[in-house]
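Q: A structural model of the following input is requested.
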Amino acid sequence: MTRERLAKERMIRFVLRPADPAAGRKLAEVVPDLAATLPGRGIWLSAVGDVIETARSRGAFARAARCPVTVSPDLTSDLVAALTRRVVETMGLARRAGQAVAGFGKAREWLDGGRAGLVVQASDGSPEERQRFLGGWRGRVPVVAPLEASRLGGVFGRDHAVHVVLLPGRLAERVRMESERLDGVRGTPPAAAEAPSPGVARPESGAIDGSGGAGDMAKDTGG
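A: Here you go, the predicted model:
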């Protein structure tokens with residue numbers, strides 16, 4: 001891992017759910033806070049599957065929290081599922097707001113009209129077809145591929161979809177951010193060369209370094 005400073009959008013915040021013996025929790029439990037809104041001091045990790053799994057398996061969360069904690073053995077797979085839901089839900093919001101369109105023809109019209117803030121393509125779509133859709137726009141517009149064609153199509157009430165275009169704006173940025181975090185946790189190469197490669201490290205907010213080594217983290221000072 002590096003000591004590189006990363007934007008919080010490329011990291012995942014974790015918080016501690018207090019112990020509750022009556023509910024069967026004898027120790028505080030580490031839970032993801034994907035929206036970074038839960039109260040309490042947060043522990044930040046870069047959105048990289050290997051980093052998260054190493055922190056889980058080597059006790060780095062307990063060292064950062066300075067107390068015994070419980071961490072789910074399925075933490076990484078739970079994160080993949082939760083991030084996938086966030087992508088689907090945000091794309092659903094974009095569709096209902098009229099800010100997203102699916103299908104080669106309609107999506108290409110928006111792309112050629114300079115209306116694309118983000119291109120979303122099916123992860124299992126033909127590489128040749130995906131490149132044919134982008135054409136001369138390759139490298140000029142951000143591209144992500146977080147979902148399979150069936151899941152992507154389901155957002156639009158279709159059996160499948162390979163090409164989706166979102167208008168520029170907050171929803172497109174959120175889909176891009178969540179897709180990039182999802183790629184990092186899954187260990188999937190970015191869909192486009194310009195997509196950033198997550199590192200490790202610290203959020204740009206100046207959070208305090210954690211315990212170092214395999215569990216290199218950052219902690220915030222949220223109350």
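Q: for the protein, what helix or strand is lowest in average pLDDT?
A: When each helix and strand of the chain is scored by mean pLDDT, DSSP states H and E, strand 208-209 comes last, with a mean of 29.
Q: how far away is the residue nearest the centre of the chain from Gln99?
A: Centroid check for the chain by C-alpha atoms, centre = their mean gives Arg181 as the closest residue, at 2.5 Å. Distance of Arg181 to Gln99, given as C-beta to C-beta, to the nearest Å: 21 Å. For glycine as for every other residue, the C-beta is placed from the backbone atoms N, C-alpha and C.
Q: Also Cys67?
A: In terms of C-beta to C-beta, Cys67 sits 44 Å off from Gln99.
Q: More neighbours: these two, which one.
A: Gln99 (20 against 12; other C-beta atoms under 10 Å).
Q: Which pLDDT value belongs to that one?
A: pLDDT recorded at Gln99 is 98.
Q: That one against Leu171, yeah?
A: Yes. Gln99 lies in contact with Leu171 (C-beta atoms under 8 Å); the separation is 5.7 Å.
Q: So Val185 versus Met11, what's the distance?
A: 11 Å.
Q: can you map out the helices along the chain?
A: 49-57, 60-65, 75-96, 104-112, 127-134, 149-155, 170-186 (DSSP state H).
Q: So which of those helices is nearest Ala22?
A: Distance to Ala22, taken as C-beta to C-beta, is lowest for helix 60-65 among those, at 21.6 Å.
Q: I figured Ala94 hits Leu171, correct?
A: Yes. Taking C-beta under 8 Å as the contact criterion, Ala94 and Leu171 are neighbours in contact, 4.3 Å apart.
Q: Mind checking which of those two has more residues around it?
A: Taking neighbours as other C-beta under 10 Å, Ala94 and Leu171 compare with Ala94 leading, 25 against 21.
Q: Dump the C-alpha coordinates for stretch 171-188 into CSV.
A: The C-alpha trace of stretch 171-188 is given here as CSV (Å, rounded to 0.1, in the frame of the first residue of the first chain):
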residue,chain,number,x,y,z
LEU,A,171,-26.8,11.5,-10.8
ALA,A,172,-24.3,10.8,-13.5
GLU,A,173,-21.4,11.6,-11.2
ARG,A,174,-22.8,9.4,-8.5
VAL,A,175,-23.2,6.5,-10.9
ARG,A,176,-19.6,7.0,-12.0
MET,A,177,-18.3,7.2,-8.4
GLU,A,178,-20.2,4.1,-7.2
SER,A,179,-19.2,2.1,-10.4
GLU,A,180,-15.6,2.9,-9.8
ARG,A,181,-15.8,1.9,-6.2
LEU,A,182,-17.5,-1.3,-7.2
ASP,A,183,-14.8,-2.0,-9.8
GLY,A,184,-12.2,-1.5,-7.1
VAL,A,185,-13.8,-3.8,-4.6
ARG,A,186,-14.4,-6.5,-7.2
GLY,A,187,-10.9,-6.1,-8.7
THR,A,188,-12.4,-5.4,-12.1
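Q: what's the neighbour count on Arg186?
A: 19.
Q: Give me the distance between it and Ala47.
A: Distance of Arg186 to Ala47, computed by C-beta to C-beta: 10 Å.
Q: if we can go back for a sec, got JSON lines for the helices of the chain, with distance to Val164 and mean pLDDT too?
A: Output for the helices of the chain, formatted as JSON lines (distance: least, C-beta to C-beta, whole Å; pLDDT from 0 to 100):
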{"stretch": "helix 49-57", "distance to Val164": "25", "mean pLDDT": "95"}
{"stretch": "helix 60-65", "distance to Val164": "36", "mean pLDDT": "95"}
{"stretch": "helix 75-96", "distance to Val164": "7", "mean pLDDT": "98"}
{"stretch": "helix 104-112", "distance to Val164": "6", "mean pLDDT": "97"}
{"stretch": "helix 127-134", "distance to Val164": "10", "mean pLDDT": "96"}
{"stretch": "helix 149-155", "distance to Val164": "6", "mean pLDDT": "98"}
{"stretch": "helix 170-186", "distance to Val164": "9", "mean pLDDT": "97"}
